[in-house]
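S.K.: make a model of this:
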Amino acid sequence: MFHHDKRLGISVPFLKREWLDYPIEERQEIMHKWEMIRGKIPDRIQELEVHIIEKQAALNNEEDFDRSCQLNTDISELASVINDLWLWFRIVPDVYANEKMHQ
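M.R.: Numbering: from 1, shown residues only. This is a model prediction of the structure:
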């Protein structure tokens, strides 16, 4: 149900069918695992922010144009990963969605 995303450094849900097509027990199991992973996202973001700060410090002292361009590219990629991690962090499917629709 989960696939490790090397770029993000976390496992992300990889569902083979629509969320509501899973039985509620399976949705609860998926949600439990996702909450465990999701709880680690802020720590992962902090790790990446440290790398950005290091690269920014290196950039401030870099005189080689090509190396400066590479550092800028690296910083941009890390910022992109952080943005994607925040998007994943905000994803919280409703386990009971199907039941609520029928009430």
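S.K.: for residue 93, give its distance to residue 29.
M.R.: 12 Å (CB to CB, to the nearest Å). Every residue, glycine included, has its C-beta placed from N, CA and C.
S.K.: what does residue 86 give?
M.R.: 25 Å.
S.K.: same check, this time on residue 5
M.R.: Plainly put, residue 5 is 20 Å away from residue 29 if you go by CB to CB.
S.K.: surely residue 48 meets residue 82?
M.R.: Yes - look at residue 48 against residue 82 with CB atoms under 8 Å: they come within range, at 5.3 Å.
S.K.: who are the contact partners of residue 62?
M.R.: Residues near residue 62 by CB atoms under 8 Å, 6 or more residues apart in numbering: 68, 71.
S.K.: could you say what helices and strands the longest helix along the chain packs with?
M.R.: If you go by DSSP state H, the chain has its longest helix at helix 65-89. Applying 3 or more CB pairs under 8 Å, 6 or more residues apart in numbering; DSSP states H and E, we find helix 65-89 packed against strand 10-13, helix 41-61.
S.K.: and these as CSV, adding mean neighbour count?
M.R.: Output for the helices and strands packed on helix 65-89, formatted as CSV (neighbours: other CB atoms under 10 Å):
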stretch, mean neighbour count
strand 10-13, 16
helix 41-61, 13
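S.K.: for those, give me TSV that also has mean pLDDT and distance to residue 77.
M.R.: Converted to TSV, the helices and strands packed on helix 65-89 look like this (pLDDT from 0 to 100; distance: least, CB to CB, whole Å):
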stretch	mean pLDDT	distance to residue 77
strand 10-13	95	16
helix 41-61	97	10
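S.K.: so can I have CSV of the ones you listed showing distance to residue 23?
M.R.: Listed next are these as CSV, based on distance: least, CB to CB, whole Å:
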stretch, distance to residue 23
strand 10-13, 16
helix 41-61, 27
